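**Q** this one's sequence-less:
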């Protein structure tokens, strides 16, 4: 069965330090992977995606994600965290069993950046 | 501003009542979808539409109906509200069914007493 796991409910990082939000997946075939961010009381915003090609994907707001096929991971990273990065982050993988472009979502990781 | 608009933002219902959550987009997107978000869980797809006049069920469709009479609007109807439907509901859109959700509304926070 296809699945996505975000092993950390919460990640705490000091402002200016690098951050990593972890995501692992289980799919048959080549994965399509996504990261979204949700700010308080707002809808989700698309950050970046991996379909094929370079394992390091760059996205919005200075975020990037590294696809690692051998470890079945797609961790979200940023070199220097900002307080404004504090939000809920969701990893998702495309559900290839359906006839349409539907996503399987992780449970989310709350990122807290402390000044 | 262009985007996905959801109304109302908050709603409290009694068990057994019905209501409609509104969703409208002004980007001429073909694909629209409804999700519910519950604490500690990822988003779950309720219903989706690949174009006007076409709708289909997602992962958790029971207790909900949808229609898509125009490209812009995709309302979600709760037929007889139950406490298990207490959740935050998000509408999303994308220009086609061949890509990921691109724009989300700000959500409707629904409580069923």
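**A** That came through, no problem. Keep in mind it's a predicted model, so treat the numbers as computed, not measured. Numbers count the residues shown, from 1 in each chain, chains lettered A, B, ... in the order given.
**Q** show me the residue at the heart of chain B, geometrically.
**A** Central residue of chain B (Cα atoms, centre = their mean): residue B:34, 3.0 Å from the mean position.
**Q** not counting sequence-adjacent ones, nearest residue to that residue?
**A** residue B:46 (4.4 Å; Cβ to Cβ, 6 or more residues apart in numbering or on different chains). The C-beta positions use only the backbone N, C-alpha and C, and glycine is treated the same way.
**Q** quick check: that neighbour touching residue B:38?
**A** No. Counting by Cβ atoms under 8 Å, residue B:46 stays clear of residue B:38, with 11.9 Å between them.
**Q** low-confidence ranges in the chain?
**A** As the question left the chain open, I've gone with chain A. For chain A, applying pLDDT under 70 flags the ranges A:98-100.
**Q** sorry, should have said chain B
**A** Ranges of chain B meeting pLDDT under 70: B:1.
**Q** show me what from it comes close to chain A.
**A** Contact residues (Cβ under 8 Å from any Cβ of the partner chain) of chain B with chain A: B:4, B:31, B:40-45, B:48, B:50, B:56, B:58, B:90, B:92, B:94, B:97-107.
**Q** mind listing the strands for chain B?
**A** B:4-7, B:10-13, B:19-25, B:31-37, B:44-51, B:54-57, B:64-66, B:76-78, B:87-94, B:103-104, B:108-112 (DSSP state E).
**Q** tally of neighbours for the residue nearest to residue B:34?
**A** 24 (other Cβ atoms under 10 Å in any protein chain shown).
**Q** distance of it relative to residue B:61?
**A** Separation of residue B:46 from residue B:61 (Cβ to Cβ, to the nearest Å): 6 Å.
**Q** with residue B:106 instead?
**A** Going from residue B:106 to residue B:61 by Cβ to Cβ gives 23 Å.
**Q** cool, residue B:39 as well?
**A** Residue B:39 is 21 Å from residue B:61, where distance means Cβ to Cβ.
**Q** higher neighbour count, these two?
**A** residue B:61 (16 against 8).
**Q** tell me the buried residues in stretch A:95-111?
**A** A:95, A:101-109, A:111 (16 or more other Cβ atoms under 10 Å in any protein chain shown).
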